[in-house]
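**Student:** Need a 3D model of the sequence below.
(2 chains)
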Amino acid sequence: MEKLQSLLQHKKDLLSVYFTAGFPHIDSTVKVLKSLEKAGVDFVEIGMPYSDPLADGPVIQNSSTIALQNGMTLKKLFDQLADIQGEVSIPIILMGYLNPVLKFGPEQFVEECQKNNVSGLILPDLPYETYVEEFQELFTSNELSNIFLITPQTPEERIKKLDSASTSFIYMVSSAAVTGARDGLSTQQIEYFERVNAMELNTPRMVGFGISNHETYKNVCQYAHGAIVGSAFIKHLEQSGDDEEGIIQFIETLKTGKSTK
Amino acid sequence: MSTSFQPDERGFYGPFGGAYIPEMLIPNIENLKENYLRIMNSESFRKDFKTLLEDYAGRPSPLYHADRLSDHYGCNIWLKREDLNHTGSHKVNNTIGQILLANEMGKKRIIAETGAGQHGVATATVCALMGLECVVYMGETDIERQAPNVARMKMLGADVRPAISGSRTLKDATNEALRDWIANPLDTFYLIGSVVGPHPYPDMVARLQSVISGEIQWQMRNKTGNSNPDYVVACVGGGSNAAGSFYHFLDEPEVQLIGAEAAGEGLTSGKTAASIAMGETGVIHGSMTNLMQTDDGQITEPYSISAGLDYPGIGPLHAWLAKSGRAKYLAVTDQEALDAALQLTQKEGIIPALESAHALAALNQLDLKSGENVVVTVSGRGDKDMKTYMERLKLT
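**Tutor:** Below is the predicted model:
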C-alpha cells in the first residue's frame, strides 16, 4: 500500500492498465504483467474473472468468459503471483466482484493478497456501507487499500464520505456507463471533473472507463492524477495476443501518441 | 415466533438481502428507497392500484375449491387462480404497481428482464397502457424457445433486446438490464419481475404481490369461516408469487408455508435450479442470498423444464424463511411437475403453467389429513407451455 501511496504523491500523469487474469491464455497473467512493467506503466489492476460482471461492458465480459474457460481461478492467480515474488515491483491492485472473494473466505483472501504484494482492491459490488461495517478493519490491518468508485451522479456529501475512508486513490468513473472505450470528453464530463477538483479532496483521483487512446489519456490527466485504461488494452490482447513487443508498443503509443515502428 | 420477516432499514432479512451494487447504481437505488413506501402508502397510489387490479387485470382472482383434486388427496384443495389474470399470470400485479411508481417518480423509460417472457409481456402491457417506452432484455436462448411471448411483447410495442453473454438466459438478461440502468441513470426505471435484486426491490415486489394473500385471507374466511388455511403452497423461482401468497400469513404460525422449487432432472443430476436445496450463501444481482455456485464462487447455470423457475438464486426473503424454518421448501422434478400438470388438467379442466405445476406436485410430499384446508397458488396458465406439453406428454 505504501508503494502505491508514494507513487500517487510524487508522480503526475500516472498510467494504470487493467487486464484480466488468465486472458488470452491461462499463463498470460505473468507475461502481461511483466511486459506492462517493462513498458513503463505505473501500476496495474488485475481482473479476477467472474461469471456475472455486471459493471463491465462487452469487451471485459468476454475476456472474463475466456479466462474462466481457460480454467482461471483465484487460487491459480495467487499461485501465479507467488511464482514471481520479487520479480515485479510496480504496485498491483486486484479488481473483481464480491462473490468469489466471499467464497474464497475474506480472511484467507486478504492473507493471500498480503503474501503476494497486492496493494489494493477494487470490488465494485462491495458498497461503502458494507465495507465500513464488515471489511474495513480486515483490509486496513493487512495494508490493503480499498478503492471506491465515484460517478457524475455521486452526491458531494457521499464523495466526502468515500474520501475520508480512502487510503490510496478514488476511481473516478468518467461517465454514466459500464466499462468500455469511448471517444473524446464532453463538456458535462469536464464540468464533473472540475466540480470534484473544486472539492479539494484529500485523496488523489484516477479516471477510468472510456480511456482508449493518447488523446483521452492526456485530456483526463489535466483534471486528475492519472488515467486507467482497460477495455482498449483488452482489445489489443484480443487482437495481437500477449506478445511483449506488441504490449510495449501499445503503451508507447498510448503515452506519446506516436508509434515507435 | 420473535423473528421478523420484514427487512430492516438496509434491506436485510436476517443475514440475507441488502444492496450489493456498484456505486453507479447507488443514486438510483437511494432514490427508490426514499420514495417507494411513501408513494405506495399514498391514497392516490392505493386507489389507482386497486382500480387497475380490479378493472384492468380482473381481480380478485377466484379461490376455487377443486372437488375432484380434493377427493384424490382426501382434504380440501383450494386453487388461487392467478392464471385467470390479464396477461396470464401473477406477474401483472407487480407490473401495475411498479408502473404507477415509475409514473409518480417521473421516469419516462422502462427496462425489464424476462426469462420465459411472462414478466416481459406483463411489463410491455402496462407500458402500452401508460404510453411509456419499454425495453425488455431476454436471453438469446429464451428468445428462441419462447417465440410467442416475444411476438406478444413486440406487438405491444416493446423493444426486445437479446442478452448474448453467458448462458443467454434469465440471469444474463438481468445483468444486461442492470448495465442499461448504469448507463441510463436519470430517465430510466428498472421494473424488476421478482422478489430479487438489491433492496428495496425484494420488499417492494413482495408488497405488490401481497394482494394474493390478502385476498386468500378474506376468501377463506367467507368460504370456511377461518381466514387461515392449514397450508399455503406456491412455486419458487425468484419467488414472487410465493412471497405474495405467503405475505399475510408470515406471522400466523399455524399456517404452514410450502415453497416448491425446481429440482430439474434431480437434485444431484447437475441439472437443477433448486437454490435452497443445492445453493450456498452468496451475492447475486445485488442481493445476499442462496445461490448455486462453483467452489470458486462462479455462478452456475441452472436448469429446469420451466423457464420461469430457471434461476440460480432466490429472493432473500425465501432464503430467510428457509433458514429460520418459517417456510419449508420442497424440490420437485421435471417429471413430477409434468405429471401434476396432467392430473390438474384431467381432474379439474385447468391447464396450469409448468411453474405452477411444481406447486401442485409438491402436494404429494405433504402428509395431508382429512378436513385440512390447503391453498395452492396456480401462478399462471399453461398456454405458453403447450410446445413442451406436446413433446413431453406425447400429444401429437
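**Student:** Please identify the helix or strand for residue B:39.
**Tutor:** helix B:26-41 (DSSP states H and E).
**Student:** what's the answer for residue B:113, then?
**Tutor:** Using DSSP H and E, residue B:113 falls in strand B:109-114.
**Student:** what helices or strands is the helix or strand just after that strand leaning on?
**Tutor:** Sequence order places helix B:118-130 as the next helix or strand after strand B:109-114, per DSSP H and E. Applying 3 or more Cβ pairs under 8 Å, 6 or more residues apart in numbering or on different chains; DSSP states H and E, one finds that helix B:118-130 contacts helix B:91-104, strand B:109-114, strand B:133-139, helix B:147-155. For glycine as for every other residue, the C-beta is placed from the backbone atoms N, C-alpha and C.
**Student:** could you redo the last one with a cut-off of 10 Å?
**Tutor:** helix B:91-104, strand B:109-114, strand B:133-139, helix B:147-155, strand B:159-163, helix B:170-183 (3 or more Cβ pairs under 10 Å, 6 or more residues apart in numbering or on different chains; DSSP states H and E).
**Student:** ok so, going back, the helix holding residue B:39 vs helix B:170-183, what angle?
**Tutor:** Interaxial angle of helix B:26-41 relative to helix B:170-183 (axes from the mean of the first three to the mean of the last three Cα atoms, to 10 degrees): 100 degrees.
**Student:** quick one: helix B:26-41 near chain A?
**Tutor:** Yes - applying Cβ under 10 Å from any Cβ of the partner chain, one finds helix B:26-41 in contact with chain A at B:26, B:27, B:28, B:29, B:30, B:31.
**Student:** Chain A: strands as residue ranges?
**Tutor:** In chain A, the segments counted as strands under DSSP state E are A:14-20, A:43-47, A:92-95, A:118-122, A:145-146, A:149-150, A:170-173, A:205-208, A:226-229.
**Student:** sorry, back to before: listing partners with orientation, what would you give for the strand holding residue B:113?
**Tutor:** Strand B:109-114 has these partner strands in its sheet, going by DSSP bridges: strand B:133-139 (parallel), strand B:188-190 (parallel).
**Student:** mean confidence for that strand?
**Tutor:** On average, the pLDDT along strand B:109-114 is 98.
**Student:** how far is that strand from where the chain is centred?
**Tutor:** 16 Å (Cα atoms, centre = their mean, to the nearest Å).
**Student:** and if you look at stretch A:133-145?
**Tutor:** Distance, centroid of stretch A:133-145 to centroid of chain: 18 Å (Cα atoms, centre = their mean).
**Student:** what does stretch A:142-154 give?
**Tutor:** Centre to centre, stretch against its chain (Cα atoms, centre = their mean), the figure for stretch A:142-154 is 11 Å.
**Student:** now the stretch 151-261 of chain A, which segments are flagged as low pLDDT?
**Tutor:** By pLDDT under 70, the low-scoring segments of the stretch 151-261 of chain A are A:181, A:260-261.
**Student:** Would you tell me which residues of it are close to chain B?
**Tutor:** A:151-155, A:158, A:162, A:171, A:173, A:175-180, A:209.
**Student:** any idea how far residue A:45 is from the residue in chain B positioned nearest to chain A?
**Tutor:** The minimum distance from chain B to chain A, using Cβ to the nearest Cβ, falls at residue B:297 (3.1 Å). Relative to residue A:45, residue B:297 is positioned 19 Å away (criterion: Cβ to Cβ, to the nearest Å).
**Student:** For the stretch 51-200 of chain B, which residues are neighbours of chain A?
**Tutor:** When proximity is defined as Cβ under 10 Å from any Cβ, the stretch 51-200 of chain B approaches chain A at B:164-167, B:171-172, B:174-186, B:198.
**Student:** Just the buried residues of these.
**Tutor:** The neighbour-count criterion (16 or more other Cβ atoms under 10 Å in any protein chain shown) marks B:165-167, B:171-172, B:174-182, B:184-185, B:198 among these as buried.
**Student:** I figured residue A:176 was touching residue B:24, is that so?
**Tutor:** Yes - assessed by Cβ atoms under 10 Å, residue A:176 is found in contact with residue B:24 at 6.7 Å.
**Student:** Need the residues touching each of those two.
**Tutor:** A:151, A:152, A:153, A:209, B:181, B:182, B:183, B:185 (Cβ atoms under 10 Å, 6 or more residues apart in numbering or on different chains).
**Student:** ok so, going back, which single one of the residues of the stretch 151-261 of chain A next to chain B is nearest to residue A:64?
**Tutor:** Closest to residue A:64 out of these is residue A:179 (11.0 Å), distances taken as Cβ to Cβ.
**Student:** Would you confirm that the closest one contacts residue A:171?
**Tutor:** No - Residue A:179 is not in contact with residue A:171 according to Cβ under 10 Å; the separation is 11.3 Å.
**Student:** For these two, list the residues in contact with both.
**Tutor:** In contact with both residue A:179 and residue A:171: A:124, A:208, A:209, A:228, using Cβ under 10 Å, 6+ apart.
**Student:** Residue A:179 is in contact with the third one, correct?
**Tutor:** Right, residue A:209. Yes - Residue A:209 is within contact range of residue A:179, at 5.5 Å (criterion: Cβ under 10 Å).
**Student:** most centrally placed residue in chain A?
**Tutor:** Centroid check for chain A by Cα atoms, centre = their mean gives residue A:45 as the closest residue, at 3.6 Å.
**Student:** and the gap between that one and chain B?
**Tutor:** 15 Å (Cβ to the nearest Cβ, to the nearest Å).
**Student:** Bridge partners for that residue, pull those for me.
**Tutor:** residue A:18, residue A:93.
**Student:** Tell me who's in contact with it.
**Tutor:** Contacts for residue A:45 (Cβ under 10 Å, 6+ apart) come out as A:16-20, A:91-96, A:120-122, A:147, A:171, A:206, A:208, A:228-230.
**Student:** burial measure for the closest residue to residue B:248 other than its chain neighbours, as a count.
**Tutor:** Closest residue in space to residue B:248, ignoring its immediate chain neighbours: residue B:213 at 3.9 Å, by Cβ to Cβ, 6 or more residues apart in numbering or on different chains. A count of neighbours around residue B:213, defined by other Cβ atoms under 10 Å in any protein chain shown, yields 24.
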